[in-house]
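# please find the sequence and the predicted model below.
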Amino acid sequence: MHFHVLTVFPEFYRPFMNKGQLHQGIKKDCLEITPWDLRRFTGDSYGQVDDKAYGGGYGMVMKPEPYFRAVEQIEKDAADPLVLLMAPDGKKFDNRAAKNLSDCKEIIILTGRYEGIDQRVRKYLADEAWSIGPYITPGGDLPALVLISAVARHIPGVVGNQFSVDSDSFQNRMLAPPHYTRPAEYREYKVPEILLSGDHQKIKKWRREKALERTRQNCPELLDENNDNDIQEEL
């Protein structure tokens, strides 16, 4: 998969492309990330990407021209890319959305700053608008990186052990259970005895119970009546 990100801070993505999971995906040729500098597409010597809002008000608005020109440039070589806009009022991004997006070959992500992006970009250029939550970040780059990282986990080959992905929180509409590692006792805090028992059937049942308990407490919306009943039967 190839991610194209339109941003005024292309250098923001470099550390994440050079280290960690995204770097591994790039090394394996499972993943490609290209940050495009919006200032290259302004058409003026100052690289102006924002201007005052029509109608007055505080803050600046990102101009439409750089986005349209950049997307048109990318589309010359990209095969029917999906154009996504990161916006606070977009659809709620979740694990199901990440999994669905992982089937795409080319994705263009539009990021903004200040008061937002000219509405014509959203209306006539973006295919979908996504939000990572009901809050405001300094710009669209953090949400874009969240989206890229979440989608990348579902791309075959990016994560070395597929079981790690299959056991993630939100897979199969459940949160992951608690995890422990060595030492078995730290500052008088002990690992649950069942995890030290070596009885894999009991450990599996314990983890399933704890996952269900955690999901009910923290994300009950993941469980519908049928799903909850099926899990109870498994236990």
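Yes, it's here. Values in this document were obtained by computation on a predicted structure and should not be read as measured data.
# how is this structure divided into domains?
Per automatic domain parsing, the domain ranges recorded for the chain read 2-152, 169-234.
# give me whichever of those is most buried.
Stretch with highest mean neighbour count among the domains of the chain: domain 2-152 (a mean of 17; mean count of other CB atoms under 10 Å). Quick note: C-beta positions are derived from backbone N, CA and C, even for glycine.
# between the domains of the chain, which one is closest to residue 160.
Minimum separation from residue 160 across the domains of the chain (CB to CB) falls at domain 2-152, 7.3 Å.
# give the rounded mean pLDDT of that closest one.
Domain 2-152 carries an average pLDDT of 96.
# how far does it sit from its chain's centre?
A distance of 12 Å separates the centroid of the chain from that of domain 2-152, by CA atoms, centre = their mean, to the nearest Å.
# next one: stretch 181-191
Relative to its chain's centre, stretch 181-191 lies at 33 Å (CA atoms, centre = their mean).
# contacts for that stretch?
180, 196 (CB atoms under 8 Å, 6 or more residues apart in numbering).
# tell me how far the helix or strand harbouring residue 209 is from the chain's mean position?
Residue 209 is located in helix 200-218, with elements delineated by DSSP states H and E. The chain centroid and the centroid of helix 200-218 are separated by 26 Å under CA atoms, centre = their mean.
# does the residue nearest the centre of the chain lie in a helix or a strand, and which?
Nearest to the mean C-alpha position of the chain, by CA atoms, centre = their mean, lies residue 147 at 2.0 Å. Residue 147 belongs to helix 141-152 when assigned by DSSP H and E.
# dump the domains of the chain into a markdown table; add distance to residue 160 as well.
Below are these laid out as a markdown table (distance: least, CB to CB, whole Å):
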| stretch | distance to residue 160 |
| --- | --- |
| domain 2-152 | 7 |
| domain 169-234 | 17 |
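# where exactly do the strands run in this protein?
In the chain, the strands defined using DSSP state E lie at 2-7, 32-37, 50-52, 60-62, 82-92, 106-110, 128-131, 185-186, 189-190.
# for the third one, packing partners?
Looking back up the chat, that one is strand 50-52. For strand 50-52, the packing partners by 3 or more CB pairs under 8 Å, 6 or more residues apart in numbering; DSSP states H and E come out as strand 60-62.
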